[in-house]
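Undergrad: Have a look at this prediction, sequence included:
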Amino acid sequence: MRTSPRRLVPLATLALLVGCADTPRPVDSAATPVASTTPAAPPPVPTPSVTRSPARYDKALHDELVAMLRRDQADREGRPQAESDQARTARLKEIVAAHGWPTIDLVGEDGEDAAWAIAQHSDFDLAFQERAVELLRAAVAAGQASPGNLAYLEDRVAVAKGEPQVYGTQVRCGPDGPVPATPIRDEAGVDGRRAGAGLPSFAAYLAEMAAICAEGG
């Protein structure tokens, strides 16, 4: 199982909120009908699935997601793209509707990271970010997504709602350096939760972010 996200995206674009607050494959949950002389019981209510069918690596989808991330990053580096965040989110919604969350089996680690980064930057569509958290949580449970990615997106959604963070991933550059965008729930236990998601200690993270803030991040 992969225990930490491979950081394809600069931390400044993931953690700083400007002006606002691995590893079994997933299995198909459909049961095979069994002949019976008695009336069949009602089928169980399905739980959210990671994918709509057993995942097979899809290179074309992988390449599309990685290219979308490159454009996302170009925007954040001051190189405007014809494609907006809204357009990337709309396309990710289509991908999710067709495949479920883009898992590691389906699009590789870097493709899953790319999908997450696009969802992370979908701040204008909180409902979609909340849905992405649900799907990511199921994918992480199946060993098919990064726990660190889930931690970042869970905190992003919490901050958007004005709620306490769980992992302390969302910070702002204050006058004296980085500060959490919202309080951290049970701050004494944050390092244990971060370790469980494959993230460095909170102190190490703040030191990294302090360097970014000092550079004007």
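TA: Okay, I see it. Numbers count the residues shown, from 1 in each chain.
Undergrad: Taking the centroid of this structure, which residue is nearest it?
TA: For the chain, the residue nearest the mean C-alpha position is residue 116 (3.8 Å; Cα atoms, centre = their mean).
Undergrad: so what's that one closest to, chain neighbours aside?
TA: In space, and not counting its chain neighbours, residue 116 is closest to residue 149: 4.1 Å by Cβ to Cβ, 6 or more residues apart in numbering. Bear in mind the C-beta positions are built from the backbone N, C-alpha and C, glycine included.
Undergrad: secondary structure element for that neighbour?
TA: helix 147-160 (DSSP states H and E).
Undergrad: need the next SSE after that helix, C-terminal direction.
TA: Following helix 147-160 toward the C-terminus (DSSP H and E): strand 171-174.
Undergrad: Could you list the buried residues of that following strand?
TA: Buried residues in strand 171-174, counted by 16 or more other Cβ atoms under 10 Å: 171, 172, 173.
Undergrad: same question, stretch 157-177
TA: Quick answer for stretch 157-177 (16+ other Cβ under 10 Å): 157-160, 164-173.
Undergrad: Also stretch 101-121?
TA: 101-109, 111-121.
Undergrad: taking the residues you listed one by one, which sit in helices?
TA: 104-109, 111-120 (DSSP state H).
Undergrad: that older thread, what is the helix holding residue 149 packed up against?
TA: helix 104-120, helix 126-141, helix 190-196 (3 or more Cβ pairs under 8 Å, 6 or more residues apart in numbering; DSSP states H and E).
Undergrad: 10 Å instead, please
TA: Applying 3 or more Cβ pairs under 10 Å, 6 or more residues apart in numbering; DSSP states H and E, one finds that helix 147-160 contacts helix 11-15, helix 104-120, helix 126-141, strand 171-174, helix 190-196.
Undergrad: quick one on the thing from earlier: name the nearest of the buried residues of strand 171-174 relative to residue 64.
TA: residue 171 (31.1 Å; Cβ to Cβ).
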